[in-house]
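Asker: What shape does this take:
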Amino acid sequence: MKRSTALFAALILTACAPPQPQASADLVGFEWLTGCWLSRDGAAEHWEPAIGPSMAGTSLFPQGDGTQVSQSLSISTAGSDVVLTALAPDGGEIRYVLVSSGETAAIFENAAGGGPQRLAYRRDGDTLVATLNESLAPGATSYVTRYQMCQ
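Answerer: Below you'll find the predicted structure:
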């Protein structure tokens, strides 16, 4: 009898618990990006796990005068596209559409123009490499940041 009562109580509690948001099927493949990442020069990125159709991130870049520039990031689904949105401190927004992805890599491109044209992430163990391309033209300026997972 006690066992039946305990089982019944567990079922009631489970049924009454609020549903936990699930990541959109399109974002499940980005779990490898989740976490805290820090570069040797003090740049940092932090990505939260996906909740529903989006995952939130923050990027910090040190400046020569000792200040840091903060940028809000998000990856979300928009129709059939997966979009990375970067919100600059000045209020500007750049939207990058996913053009290629793998188990631990993703390439986003800004087809609208204005701002950097490509942002690529690649994870290898505890290392995350972010590459920002000013243009899609061969030989264009690229900025590569190597991050290590925060301890």
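
Asker: Pull the number of nearby residues for Asp41.
Answerer: 9 (other C-beta atoms under 10 Å). In this view, the C-beta of every residue, glycine as well, is placed from N, C-alpha and C.

Asker: where does it land in three-state SS?
Answerer: coil (DSSP: H, G, I helix; E, B strand; the rest coil).

Asker: How many residues are close by the closest residue in space to it that isn't next to it in sequence?
Answerer: Leaving aside its sequence neighbours, Asp41 sits nearest to Pro62 (C-beta to C-beta, 6 or more residues apart in numbering; 6.5 Å). Pro62 has 14 neighbouring residues, counting by other C-beta under 10 Å.

Asker: likewise Gly114?
Answerer: Neighbours of Gly114 using other C-beta under 10 Å come to 8.

Asker: Which pLDDT value goes with it?
Answerer: pLDDT recorded at Gly114 is 78.

Asker: does it really touch Ile94, like I thought?
Answerer: Yes: in this structure, Gly114 is within contact of Ile94 by C-beta atoms under 8 Å, at 7.3 Å.

Asker: can you map out the strands along the protein?
Answerer: Applying DSSP state E to the chain gives strands spanning 35-39, 44-47, 54-62, 68-78, 81-87, 93-102, 105-109, 118-124, 127-133, 142-149.

Asker: which residues are contacting the shortest one?
Answerer: For strand 44-47, contacts defined as C-beta atoms under 8 Å, 6 or more residues apart in numbering pick out 33-38, 55-60, 73, 128, 130, 147, 150.

Asker: With adjacent residues omitted, what lies nearest to Arg40?
Answerer: Arg146 is the one closest to Arg40 (C-beta to C-beta, 6+ apart), at 7.5 Å.

Asker: quick one, what contacts the one you found?
Answerer: Counted by C-beta under 8 Å, 6+ apart, Arg146 has contacts Ser39, Arg40, Thr127, Leu128, Val129.

Asker: Write down the beta-bridge partners of Arg123, one by one.
Answerer: Leu128 (DSSP bridges).
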